[in-house]
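Novice: here are the coordinates; sequence isn't available:
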């Protein structure tokens, strides 16, 4: 709907035009992409129904590897969800101006990633039709969930994170929604309906000083509340493993290790998504090499932390003198799953080292490729941790191997379709870059569109 | 038509919506329980009736109690009074229920039609076909062209067959047993002038020397021997016997040995002779020596060493040890070692026992094992010739499957096509029945009347435990009915209305032997309720027979030329016996006790042989002998000589139902129709084979991840001295560790009088896996099949892990065994430790805190409870179980009719998506507690016995209350040998293991 786009007489007007102009135009590319996603999603849905009907045996998980690709996906998607809050909240508190063009996307990614991750605990349940047993709901049997179980901690950690992330994202959206509402004023037909919808969503925002004052304060508090969640959620997820006696899981390093890994994978996913995204929506002037340079630095930092954790794990396995632990780690690298291990090491530790070079960080194509490797590597990291530890536990007589089935792979692919489906919907209905914050940056002289600034 | 009001509308919508939702949730439509309209007098719903009967799964003849619920047998347990098995039962006995409830049973008489297919016919017609044929044969004067092949069980049916055949005018009774003890019988005739099979009192022997007999798995009476073996060979009161296994292969039996002498394939005879000679020469045989000196004089250890492949010094040492033992017994080579001169080998073992003074002490004639003498190989060959020449017009086959169980070299199957009328009485379409023209299905032993005489002075009575499921008919009844149809003298000679009255009449004679004087009705009823009658039979003194001087101790020949360096050991599968177990899904899924392979055959090869051939476990090898060829996956195993290969007998059925058909290979295809020359018994060890790698690979499914415990002290073994010391310390209270073990008694509600626990004595456990089969039967454990086992989805709550100690680290993964060895380098023989593993009911259970919904929790009696209804299937508990004792219902497993009739109504049939595991047979605990509560007392020690402990032939498993300091389990938990599996994890298990005690290494 190009008619909405105002003439770009001022930088501010240009920002509004560029960002709002990207909305609603559902061209053929977009429709084909959505169709493809829905087909994949439909297939994955069929696979899930098939699994519910015939039993978990249709998945490849088995004795002793009772968790496989589903939990890998769960941890992977929860990890993806991390960068959103990190970029929005922590960088906001740290006053890192460069976040303004990517924070909206990152937050949206967080929401959709949590929505994807949240499906997997359900998908992996043996009797999903009793999923509500996991929730503390009043019942005549006076049964509560087991608050000692890390899975229940998970339930609370993830739902809290989801709620806060959603609210944070939404509050950031309010002024922008009002801007769109105002742009739509006087439209007829479908436009009128849209105006109503955006009007409701903007909660009567009219940009008064008192509103701005309260809004600023609220946003700051929200950022402050969201910040500890970045650390807590993935710590809790890591405790799903660390609380178990399973060799390869039972380790105190897991919480920081998982948080670093989560931010690592989250940043990588932001890069992976934003590159095609800025191209498709024509936002090259807003998300620039400068941003990729900064994200590349974050990627490098977290990669180094993750690499350190890998080494620390091996060191502790050796240093503890526990033969079971050591055998588990030895086998992880040299046993039947050495392939995934090599992928994990290469993608997460070796390849990101390229980010030491500024030229590579500022080369969008290169950093895009690196980010894809990191995504693959981080998926395999979770796979390696979960599967190799379970396959090779205390009792050698009960060792076994695991191979994912077509059901698991279909649902895994489906989870990407599910995530992208929401993300694309978002890109077409909500401003993908915070209009407000970009304008603020311009006003403060921090940054303006097309500015390929060297230093923040 | 009235209008629907708004409120009504809402009600209807609400109700139908809710009910649609509810229906959607239900997994299966509800089924109504229909009460008895007229309740049978003896049936109380919910209360089991127990009937005493006999097991007929192998010739051993154990006595059983059959648990019957609402008219359906659901469990078979050993009859504790029975002298053969003393209340114990093997896996095959446990699986007899799956013979009864097998969906592949023949449901009615069948006749082959013109198209060559079987079609059901009524009994009346079926009998008249047989009677008509016999009438024609009689009128043509060819009654002697009637042949009857049966199994070799002694008892009334055996005599009935003779009587019937006599009346029908034919002398041609042929007895066929796959595995017979004829070389032993013949050897006893030669040595002692007594053609009998004696009793071996293993329980009395401090030193057991076996020359290969699989006496703990298949030989003669395995449950009885296992029971005796554990009595003398398990550690108790600071003592433990010693067991030396002298054979080329470490069988399940051999795996329990303290010392393995890997003698050459045909070395048993020479070693026994040389040992005897040492005893005689050194004067250890006393006065007996003089009589046998000339016989054994030439067999010096030095002379036999080369052929027997054992150093002379070792033979001398073995002999001295044998002579010095306070009591000893030598057991013969058995089936696996039956070569062309098997009788001589048995004579040699007799001489050894004689020289050591064991005859009359641990080898006792008198209470002899009773078996009909099977037809010798020459006799079988003669019959096959007659069949080929058309001299057999009608052939009746009962209780045996000669097509499958005779060596292919005999040509029985081809000859069968020349018989006009082949009548099979089989319950299944086995290979012989598949060749039949008429099938008259017999009842299974659990449905019909019968008796069995396993040994002298023991008569087991077999009674029906349920109405026949299908239109089957007792063979005795069929033959009586045929006799009546033939009329004339046949009818008058066999003038009984049915076989059960014939049996009763026969038992009038039995009464004369056992309880003369009393009324027959009381005697009969008492025998029925007790499961038979038995009496002590005194030992019969025997003297050396002159005929023994003529025994020819020549080395047996083996088929195959020098280019084929591997001797084939075809041994009966501990699970499947001669193949009759192959259609029982429990037995197929029961891992082989040594290799842990399920649902398949394999070729056992030494690591060196495997290296030479370049194969690993799972690679298919082609095995060829001068008589045939087969292909099967290799299993690399350090427990056999490098110049041998071993293939289990039992698989390779061409027919015999869905579970047996086209599965594995039958090594009989490689064997000639060779016989032990003196006894005529089949020579199983008669051929050499060559091996070739095929380059193909299959997934040889084994339930064991690794046979190497990596020194994790999972299956612990100590020396006798260490065990004695540890026990002494524990008694003095010096050792603090055992106290910690007893502390797990605290892991229950302080107010509860119970903390249930278990003790498993690894020095008793022989690894036979009867417990596993019993657990399947008791707890409705689904059978999942080979494919799912390959994925690791077998459902056994109880598994027996076998660890081959002394394996090298570095090759611990997958199914690898033993590091690659240079040819000629000594490969250490594995010491096999069997470790029954199940839920340990930990006091500090890792599974419990991680369950988000409390589906698994600790009950006040210390049990780790799994609530199926609450389980949502996160499977976290299994991930956190260090013992990997938990199983998950991956699917809804189908239990096909009529197998579903066997399901134990006291145990939930689990639905897909829930976790399950060993419950310590909580249904039995509940019953005992309810009984005790009703009587206002606590449960007594020994009142609760889980299925595994109940059936264990070695009495290795003891269950009871750890809170009671005097209970057996408490006392065992305080033993100095006690340890907890992975105790360092502080799981505080309720299962205490007692270290295996090995007297290996004492020889040095």
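Specialist: Looks like it arrived, so ask away. Values in this document were obtained by computation on a predicted structure and should not be read as measured data.
Novice: any low-confidence regions in the stretch 1-150 of chain A?
Specialist: Applying pLDDT under 70 to the stretch 1-150 of chain A flags the ranges A:1-18, A:21-22, A:24-26, A:97.
Novice: Output the set of residues of it in proximity to chain B.
Specialist: A:54-57, A:60-67, A:121, A:124-131, A:133-134, A:143, A:145-146, A:148-150 (Cβ under 8 Å from any Cβ of the partner chain). Bear in mind the C-beta positions are built from the backbone N, C-alpha and C, glycine included.
Novice: Would you list the buried entries among these?
Specialist: A:55-57, A:60-67, A:121, A:124-128, A:130, A:133-134, A:145-146, A:149-150 (16 or more other Cβ atoms under 10 Å in any protein chain shown).
Novice: can you list the residues of the stretch 151-300 of chain A near chain B?
Specialist: Going by Cβ under 8 Å from any Cβ, the residues of the stretch 151-300 of chain A near chain B are A:151, A:152, A:155, A:240, A:243, A:244, A:245, A:246.
Novice: Would you mind giving me the PyMOL syntax to select the buried ones in the residues you listed?
Specialist: Typed into PyMOL, the line below selects the buried ones among those, using 16+ other Cβ under 10 Å:
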select buried, chain A and resi 151+152+155+240+243+244+245+246
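Novice: just the residues of the stretch 151-300 of chain A next to chain B now: which is nearest residue A:98?
Specialist: Distance to residue A:98 across those (Cβ to Cβ) is lowest for residue A:240, with 34.1 Å.
Novice: my read: residue A:239 touches residue A:255, true?
Specialist: Yes - when contacts are counted by Cβ atoms under 8 Å, residue A:239 is listed as touching residue A:255 (7.0 Å).
Novice: still on that earlier bit, the residues of the stretch 1-150 of chain A next to chain B in helices, which ones?
Specialist: With DSSP state H as the criterion, helices contain A:54, A:121, A:150 from among the residues of the stretch 1-150 of chain A next to chain B.
Novice: what residues are up against the closest residue to the second one other than its chain neighbours?
Specialist: To tie it back to what came earlier, the one meant is residue A:121. Leaving aside its sequence neighbours, residue A:121 sits nearest to residue A:74 (Cβ to Cβ, 6 or more residues apart in numbering or on different chains; 6.2 Å). With contact set as Cβ atoms under 8 Å, 6 or more residues apart in numbering or on different chains, residue A:74 has these partners: A:117, A:120, A:121, A:124, A:237.
Novice: could those go into TSV alongside distance to residue B:790?
Specialist: Shown next, in TSV, are the contacts of residue A:74 (distance: Cβ to Cβ, whole Å):
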residue	distance to residue B:790
A:117	32
A:120	27
A:121	28
A:124	22
A:237	33
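Novice: between the residues you listed, which is closest to residue B:38?
Specialist: residue A:124 (51.4 Å).
Novice: What is the neighbour count of residue A:225?
Specialist: 14 (other Cβ atoms under 10 Å in any protein chain shown).
Novice: hmm, I was thinking of residue B:936
Specialist: Residue B:936, neighbours per other Cβ under 10 Å, totals 6.
Novice: Quick check, pLDDT for it.
Specialist: Residue B:936 is assigned 94 on the pLDDT scale.
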